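Visitor: Task: produce atomic coordinates for the following.
(chains A, B, C and D)
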Number of protein chains: 2
Amino acid sequence: MEANPLIAALQASGHRITRQRRVVLEVLEGSQEHLDAEALYQKARQRSPRISLATVYRTVAVLKQMGLVAEYSLGEEHGHFETVTEAPHYHFTCLGCGQVVEFDAPQVVLAIQELAEREGLEVRAVQFSLTGYCVQCRAGGRDDR
Amino acid sequence: MEANPLIAALQASGHRITRQRRVVLEVLEGSQEHLDAEALYQKARQRSPRISLATVYRTVAVLKQMGLVAEYSLGEEHGHFETVTEAPHYHFTCLGCGQVVEFDAPQVVLAIQELAEREGLEVRAVQFSLTGYCVQCRAGGRDDR
DNA sequence: TTGTAAATGAGAATCATTTGCAATAACGCG
DNA sequence: CGCGTTATTGCAAATGATTCTCATTTACAA
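Guide: This next block holds a predicted model:
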């Protein structure tokens, strides 16, 4: 009955579908970038001007706990959000230009599985991210260590 | 001239050796655990009662930037600090009991090197941590998902 | 249509961390 | 050793991100 699968999932899990949740989800889906709470808020605002930042946080929290959205602490600073896709991937953030490079790392996934098995751990969340300088910034001599 | 290598390094890089820096370093070295700023502050206080939390943060910031100390965001919460050792290692934090399991993952190191080479990146920092449930907590039935 | 519990908006509250500034102290130099 | 310069400190106030409180609104099952 519901076109959007994320909305459907939300609904199926017994949550109410409000205009603001719908908007946050749409913004999240309609953007390739990794938005932080403020950016999400600004974008959501364009469609639902009365939405509050608190609601953005609350919505993202629900989605996160349902596993529909993931939170990353890219550079260091504050959190960034992204809808979860089939293929897990990780991020490299350039300290020079802020550019985010996504990459996958099957070896890392394997290493985790192995570790979990060996130690009897049940891994629920993986945080793996790199920071440094990208090709351009290295070349640009902008070596502001 | 200075017994402690970390102190020596600090000094060599042109920083002044103050009582508080010495104390923070000693506390950091003398503890296997991953202390957060507040814990560091409390421990440092025992030896140097007038030290302030701000100084702890400032000291750790200097050490971090020199690469002598690393910061981790174990569970999610706030930062934890640890002196850097030869062998890089990572952390698994149990959501049930809070226990931190350290592990190494040479495959991860390799994966990073490979990626860096392929993409021309200069990796300065790696953030890799896992959360989930440990053997005990899984067994304990305390499946508070 | 209506009742009720969930969700929202607005702003206050919280928490970790940072900063401004005057007082203090390290350490290179004479 | 005694000084002066300048980094460092302590304190308290500021900040930034996120969470909470509570009165009001709204989704949705009946």
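
Visitor: does the residue nearest to residue A:84 when sequence neighbours are not counted sit in a helix, a strand or a coil?
Guide: Distance criterion CB to CB, 6 or more residues apart in numbering or on different chains; nearest residue to residue A:84, sequence neighbours excluded, is residue A:70 at 5.3 Å. From N, CA and C alone the C-beta is placed, and that goes for glycine too. Recorded secondary structure, residue A:70: strand (DSSP: H, G, I helix; E, B strand; the rest coil).

Visitor: Contacts only, for residue A:70.
Guide: A:64, A:81, A:82, A:83, A:84 (CB atoms under 8 Å, 6 or more residues apart in numbering or on different chains).

Visitor: And residue A:100, by the same measure?
Guide: A:33, A:34, A:74, A:91, A:92, A:93, A:94.

Visitor: same question, residue A:57
Guide: residue A:37 are the contacts of residue A:57 under CB under 8 Å, 6+ apart.

Visitor: The same query, at a cut-off of 10 Å, please.
Guide: A:24, A:37, A:40, A:41, A:79 (CB atoms under 10 Å, 6 or more residues apart in numbering or on different chains).

Visitor: Now the one helix or strand it maps to: buried residues?
Guide: Using DSSP states H and E, residue A:57 falls within helix A:53-65. Applying a neighbour-count criterion of 16 or more other CB atoms under 10 Å in any protein chain shown, the buried positions in helix A:53-65 are A:55, A:56, A:59, A:60, A:62, A:63, A:64.

Visitor: Keep those, but drop any that are not near DNA strand C.
Guide: By CB under 7 Å from any atom of the strand, the members of the buried residues of helix A:53-65 lying near DNA strand C are A:55, A:59.

Visitor: For residue A:7, state which of the buried residues of helix A:53-65 is nearest.
Guide: residue A:63 (10.7 Å; CB to CB).

Visitor: so the closest one touches residue A:27, yeah?
Guide: No. Between residue A:63 and residue A:27 no contact is recorded; they are 11.7 Å apart, counting by CB atoms under 10 Å.

Visitor: Which neighbours do these two have in common?
Guide: By CB under 10 Å, 6+ apart, residue A:63 and residue A:27 have these common neighbours: residue A:81.

Visitor: quick one on the thing from earlier: of the contacts of residue A:100, just the buried ones, ChimeraX syntax please.
Guide: To isolate the buried ones among those in ChimeraX, judged by 16+ other CB under 10 Å, type:
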select /A:34,74,91,92,93,94
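
Visitor: Hmm, residue A:62 is touching residue A:56, no?
Guide: No. Counting by CB under 10 Å, residue A:62 stays clear of residue A:56, with 11.1 Å between them.

Visitor: Overlap of the contact sets of these two?
Guide: residue A:24.

Visitor: Walk me through the domains of chain A.
Guide: As assigned by automatic domain parsing, chain A contains the domains A:1-85, A:87-145.

Visitor: Run through the residues that contact residue A:63.
Guide: The neighbours of residue A:63, taking CB under 10 Å, 6+ apart as the test, are A:6, A:9-10, A:15, A:21, A:24-25, A:28, A:69-71, A:81, A:83-84.

Visitor: Could you say which of those is surrounded by the most neighbours?
Guide: When neighbours are counted by other CB atoms under 10 Å in any protein chain shown, residue A:24 leads the contacts of residue A:63 with 30 neighbours.

Visitor: Next, the angle from the strand or helix carrying that one to helix A:53-65.
Guide: Residue A:24 belongs to helix A:19-29 when assigned by DSSP H and E. In terms of direction (axes from the mean of the first three to the mean of the last three CA atoms, to 10 degrees), helix A:19-29 departs from helix A:53-65 by 60 degrees.
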